[in-house]
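**Student:** Only the shape, not the letters, is given here:
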């Protein structure tokens, strides 16, 4: 086997294996041609899928990025694979092939090139690998430090933004009076209303009336009655477009009338004080600006955090238990969350069964496995998967014990007659006693007919017609059929 190595290429038996400068991916098509194997054979293996899943967990990379296809022409298709996947392909081909390809890929990844006749030793490769790991750790520490600085600066930036604070009241049944201060006649045009959550109601009003002002707020149980009385009293002054706006009356007169109505209906109430109303009106109509650019406490806290050594947090893998029946031990059931399909209906967001158990079509393969293990003549016997058989050997039954079924491939029902009888009737069929009655022989069928219930020979007109019988009449007479219906 002739070997020639140059920068970013490896030539084995006149077949050149190339790698890309951009991401270091290796040409798998050329790699398999040099090893006289097919990439499709490697890609179909179950062990390859397991290797992809394990590599995806450790490298935190999606499995779809390990293999990339490039269609140059209609007949020329190139497959590029991850460097670690290329090493796995070389291990699959042969140990000797693995040694050549692995050394070439390692040196190419660490140094960027491979020179003919001047290949590095294993010690040089290990030192270069250690230097690369140290550089990665340093970059991770710098990244963690920059993330902390970004969070602190973002927090300080929020401190200089304009803040609009809103005063909140308690929840409960209430009656309120508001006005829009932007209107010219806001002193003589007010709105009355009721609500069970005053904060949400005022928030909705502020969308249409940014300059809203709350004049009066009272909490009481008979708030609906109070609103109806006020609407009835100020009916001539209600706005025709909206019957909750009162025009032409001062706010003080309306509040005075509301207090009189509350005393009249004798309902316990709680009025909000003038100070509470003022807080709400001031907060909603003015903006408080925080002029402090950086808080001294935040600066001290930031300096303390930066002085501490940054330790990257380890990535915790989520382990989930599979409830399937295809795991031999309890340890085999504990799998990584990536081995489960996603399911929003579950609490943790993953399905109850792993992908392997779910792919077996809800355990339908169990009977197929038993059937394959048993050896029998399939032209004379058939396997029955019913529940009436104690052991697998009892399930091998003659074809005569199966009902005919034209839809099946072999023309027989999947279950034997005994299993179908148990499924349909269960224990009732076992307890049922069938009594066969022999009709009399000397009966003229053109004139008379024998009734199977009362066992009397009667005229044909005493029987109902039936299209399913041979003689065109039912087996029971009209009297017996009527008695059965009445029961």
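**Tutor:** Good, I have the coordinates. Just so you know, these numbers come straight off a predicted model, no measurement behind them. Numbering: from 1, shown residues only.

**Student:** mind giving me the domain split of the protein?
**Tutor:** The record's domain split for the chain, according to automatic domain parsing, is 3-117, 174-289, 319-358, 365-431, 448-486.

**Student:** May I see the ones you listed organised as a markdown table, with mean neighbour count added?
**Tutor:** For glycine as for every other residue, the C-beta is placed from the backbone atoms N, C-alpha and C. Listed next are the domains of the chain as a markdown table, based on neighbours: other CB atoms under 10 Å:
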| stretch | mean neighbour count |
| --- | --- |
| domain 3-117 | 15 |
| domain 174-289 | 15 |
| domain 319-358 | 14 |
| domain 365-431 | 13 |
| domain 448-486 | 13 |
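
**Student:** May I see those domains arranged in JSON lines, with mean pLDDT as well?
**Tutor:** Putting the domains of the chain into JSON lines (pLDDT from 0 to 100) gives the following:
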{"stretch": "domain 3-117", "mean pLDDT": "74"}
{"stretch": "domain 174-289", "mean pLDDT": "84"}
{"stretch": "domain 319-358", "mean pLDDT": "85"}
{"stretch": "domain 365-431", "mean pLDDT": "77"}
{"stretch": "domain 448-486", "mean pLDDT": "90"}
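
**Student:** got those domains as CSV, with distance to residue 155 columns?
**Tutor:** Converted to CSV, the domains of the chain look like this (distance: least, CB to CB, whole Å):
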stretch, distance to residue 155
domain 3-117, 29
domain 174-289, 17
domain 319-358, 31
domain 365-431, 57
domain 448-486, 86
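
**Student:** Tell me which of the ones you listed lies nearest to residue 438.
**Tutor:** For those, proximity to residue 438 was assessed by CB to CB; domain 448-486 is nearest, at 9.8 Å.

**Student:** chain center to stretch 344-353: distance?
**Tutor:** 7 Å (CA atoms, centre = their mean, to the nearest Å).

**Student:** show me the contacts for the nearest residue to residue 174 once chain neighbours are set aside.
**Tutor:** Nearest residue to residue 174 in three dimensions, chain neighbours excluded: residue 219, at 4.7 Å (CB to CB, 6 or more residues apart in numbering). Residue 219 makes contact with 170, 172-174, 269-272, according to CB atoms under 8 Å, 6 or more residues apart in numbering.

**Student:** Between these, which sits nearest residue 335?
**Tutor:** Comparing the contacts of residue 219 against residue 335 with CB to CB places residue 170 closest, at 51.3 Å.

**Student:** State the distance from that closest one to residue 278.
**Tutor:** 17 Å (CB to CB, to the nearest Å).

**Student:** Kindly report the same for residue 177.
**Tutor:** Residue 177 sits 15 Å away from residue 278, going by CB to CB.

**Student:** again with residue 221
**Tutor:** Distance of residue 221 to residue 278, computed by CB to CB: 27 Å.

**Student:** What of residue 63?
**Tutor:** Separation of residue 63 from residue 278 (CB to CB): 64 Å.

**Student:** Could you do residue 39 as well?
**Tutor:** Residue 39 sits 79 Å away from residue 278, going by CB to CB.

**Student:** for residue 390, same thing?
**Tutor:** 87 Å.

**Student:** for residue 92, same thing?
**Tutor:** Look at residue 92 and residue 278: by CB to CB, they are 80 Å apart.

**Student:** Any chance of the contacts of residue 219 in TSV with distance to residue 481 and secondary structure as columns?
**Tutor:** What follows is the contacts of residue 219, written out as TSV (distance: CB to CB, whole Å; DSSP: H, G, I helix; E, B strand; the rest coil):
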residue	distance to residue 481	secondary structure
170	77	coil
172	73	coil
173	70	coil
174	75	strand
269	79	strand
270	80	strand
271	84	strand
272	83	coil
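
**Student:** In CSV, list those residues along with distance to residue 156.
**Tutor:** What follows is the contacts of residue 219, written out as CSV (distance: CB to CB, whole Å):
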residue, distance to residue 156
170, 35
172, 40
173, 44
174, 40
269, 47
270, 42
271, 43
272, 37
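
**Student:** and which of those is nearest to residue 334?
**Tutor:** For those, the residue nearest residue 334 by CB to CB is residue 170; the value is 50.9 Å.

**Student:** Strands of the stretch 51-200 of the chain, residue ranges please.
**Tutor:** Ranges of strands in the stretch 51-200 of the chain, per DSSP state E, counting those that start in this stretch, are 67-71, 77-81, 162-163, 174-180, 189-195.

**Student:** what about those, which gets the closest to residue 16?
**Tutor:** Nearest to residue 16, of all those, is strand 77-81, at 12.6 Å by CB to CB.

**Student:** so where do the helices sit in the stretch 101-250 of the chain?
**Tutor:** 122-159, 198-208, 223-233 (DSSP state H, counting those that start in this stretch).

**Student:** what's the spacing between the closest residue to residue 318 other than its chain neighbours and residue 319?
**Tutor:** Closest residue to residue 318 apart from its sequence neighbours, by CB to CB, 6+ apart: residue 337 at 4.2 Å. To residue 319, residue 337 is 7 Å away according to CB to CB.

**Student:** And for residue 354?
**Tutor:** Using CB to CB, residue 354 is found at 12 Å from residue 319.

**Student:** Kindly report the same for residue 150.
**Tutor:** Residue 150 sits 32 Å away from residue 319, taking CB to CB as the criterion.

**Student:** And for residue 410?
**Tutor:** Noted for residue 410: a distance of 46 Å to residue 319, by CB to CB.

**Student:** What of residue 436?
**Tutor:** Using CB to CB, residue 436 is found at 66 Å from residue 319.

**Student:** Any idea which of the strands of the stretch 51-200 of the chain gets closest to residue 462?
**Tutor:** Evaluated with CB to CB, the strands of the stretch 51-200 of the chain place strand 189-195 nearest to residue 462, the distance being 80.5 Å.

**Student:** longest strand of the protein?
**Tutor:** strand 212-220 (DSSP state E).

**Student:** got a markdown table for the helices of the stretch 101-250 of the chain, with distance to residue 376 too?
**Tutor:** Shown next, in a markdown table, are these (distance: least, CB to CB, whole Å):
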| stretch | distance to residue 376 |
| --- | --- |
| helix 122-159 | 60 |
| helix 198-208 | 75 |
| helix 223-233 | 83 |
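
**Student:** Could you work out which of those helices reaches nearest to residue 399?
**Tutor:** With CB to CB as the criterion, residue 399 lies closest to helix 122-159 of those, at 67.9 Å.
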